[in-house]
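Enquirer: requesting a structural model of the entry that follows:
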Amino acid sequence: MSPLHVFAYGSLIWRPGFPFVSREPGLLRGFHRRFCLWSRLYRGTPERPGLVLGLDRGGSCHGVVFRVAPEHADATLAYLDERENPHGETVYHRRLLPVRLASGATLRAVTYVADRAHPAYARPCPDTAARVIGAGMGQAGSNRDYLLNTLEQLRALGLRDAGLEGIARRLAASPG
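Expert: Model (predicted):
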């Protein structure tokens, strides 16, 4: 049996929730990280939705590839399926996609891509995203903390995300 590889681009980077053997920066082409999904559970409520990250078509995304030992692969996939699609709702599609590691090797990693056909899919402008993220609070905590933790972890890895940084600047400049 070979190990399972998981590509993380948001909160999985800093809160994976599963055992792993190693982690390494990686680049996924064909998708970019974006606040493109309304969250009525983890980072918002039904009355005041927040926004969470998804992989959306186009561009590329720097993130982290976790290597999971074969004996933990099935449990890790079950955990991730429930975490990313709570209660069986398909907000994300689990995909096996090629990711280039910082070491230069390319491998196939499990990742979760936003479902553009799902009613939770959104394309807010950066100003709207900043306003929603500034007010969002859900079961997993503050939407603002979700954004800032993701940026902090990306920076610790020497990675940048201009889109997220722009939203964070708008958030810092807004009153309240």
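Enquirer: CA only for contacts and neighbour counts going forward, please
Expert: Fine.
Enquirer: other SSEs contacting the lengthiest helix in the chain?
Expert: When the chain is scanned for its longest helix (criterion: DSSP state H), the result is helix 143-156. Using 3 or more C-alpha pairs under 8 Å, 6 or more residues apart in numbering; DSSP states H and E as the contact criterion, the elements in contact with helix 143-156 are helix 11-14, strand 50-68, helix 126-135, helix 162-173.
Enquirer: mean confidence score for the last one?
Expert: Averaged across helix 162-173, pLDDT comes to 94.
Enquirer: against which helices or strands is that helix packed?
Expert: Secondary-structure packing of helix 162-173 (3+ C-alpha pairs under 8 Å, 6+ apart): helix 126-135, helix 143-156.
Enquirer: now do that helix: everything it contacts.
Expert: Outside of helix 162-173, the residues within contact range by C-alpha atoms under 8 Å, 6 or more residues apart in numbering are 34, 126-127, 129-131, 133-134, 147-148, 151.
Enquirer: buried among the residues you listed? Need that as a selection in ChimeraX.
Expert: Of the contacts of helix 162-173, the buried ones can be selected in ChimeraX as follows, counting by 16 or more other C-alpha atoms under 10 Å:
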select :34,126,129,130,131,133,134,147,148,151
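Enquirer: figure out which of the helices and strands packed on helix 162-173 is closest to residue 9.
Expert: Proximity to residue 9, assessed across the helices and strands packed on helix 162-173 by C-alpha to C-alpha, is greatest for helix 143-156 (8.3 Å).
Enquirer: next up, identify which helix or strand the residue lying closest to residue 112 once chain neighbours are set aside is on.
Expert: Distances taken as C-alpha to C-alpha, 6 or more residues apart in numbering place residue 94 nearest to residue 112, at 4.6 Å, with adjacent residues excluded. Here residue 94 is covered by strand 92-101, with elements defined by DSSP states H and E.
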